[in-house]
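> coordinates for the following, if possible.
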Amino acid sequence: MTACPSCGGVLRDAGTTTSETLDWVPASVRVVRINRPKCACRACGTLHQAPAPERIVVGCLATPGLIAHVLTSRYCDHLPLYRQSQMLARQGVTLARSTLADWVKAAACWLAPLRDQLMNHVCAAERVFADDTPLPILDPGRNSPSGGVLVAHAPQVL
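The predicted structure is shown next:
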């Protein structure tokens, strides 16, 4: 529009009004296909191929991003592994709770140096506080939740 609809005068730029809205994009699971071409040498008969990307566990299909999502859902959002398994099933991915538990265990091994640094930092404090509040642990198939303990450490901040 170059002419004013009210008087017919020339319109000039007077800025922009911007507004924002929030939208929900549901999580999706995708298959990442990695192609590694092979090259053969006719002179010596050898076959050459780029190495496969490193995985958290040998033969594990999960990417680091998916394992990070499982860990975040489990420990930050307090979402049990059996519920995560059900949520993935709704996305068309059937994974046993034990498979997710194996991923958590493998990630713990990879994160051990970070855990060690965190423990060194916490234990270097003059005072360390702990809380052993009992928490119920949900286990599908049981009539009642089993017992568990949450232990939290924090250095005193003055």
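> next structured bit after the longest helix along the chain?
In the chain, taking DSSP state H as the definition, the longest helix is helix 97-110. Heading C-terminal from helix 97-110, the first helix or strand you meet, by DSSP states H and E, is helix 112-123.
> what packs against that next one?
strand 146-155 (3 or more Cβ pairs under 8 Å, 6 or more residues apart in numbering; DSSP states H and E). Heads up, the C-betas are built off the backbone N, CA and C, glycines and all.
> compute the mean per-residue pLDDT across the strand it packs on, please.
Strand 146-155 carries an average pLDDT of 63.
> same question, stretch 40-54
For stretch 40-54, mean pLDDT is 89.
> and the angle from the longest helix of the chain to helix 112-123?
Per axes from the mean of the first three to the mean of the last three Cα atoms, to 10 degrees, the angle that helix 97-110 makes with helix 112-123 is 70 degrees.
> if you count contacts, what does helix 97-110 end up packed against?
Short answer (3+ Cβ pairs under 8 Å, 6+ apart): helix 97-110 packs on helix 64-75, helix 81-90.
> run the chain-centre distance for the longest one.
Remark: helix 64-75 is offset 3 Å from the chain centroid, using Cα atoms, centre = their mean, to the nearest Å.
> for that helix, give me every contacting residue.
With Cβ atoms under 8 Å, 6 or more residues apart in numbering as the test, helix 64-75 has contacts from 27, 29, 56, 62, 79-81, 84, 100, 103-104, 106-107.
> pull out the buried residues from those residues.
The neighbour count (16 or more other Cβ atoms under 10 Å) marks 56, 62, 80-81, 84, 100, 103, 106-107 as buried among those.
> take those and write them to CSV, including distance to Ala68.
Listed next are the buried ones among the contacts of helix 64-75 as CSV, based on distance: Cβ to Cβ, whole Å:
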residue, distance to Ala68
Ile56, 10
Ala62, 10
Pro80, 17
Leu81, 15
Gln84, 13
Leu100, 13
Trp103, 10
Ala106, 12
Ala107, 8
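> can you add mean pLDDT and give the helices and strands packed on helix 97-110 back as a markdown table?
Shown next, in a markdown table, are the helices and strands packed on helix 97-110 (pLDDT from 0 to 100):
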| stretch | mean pLDDT |
| --- | --- |
| helix 64-75 | 92 |
| helix 81-90 | 94 |
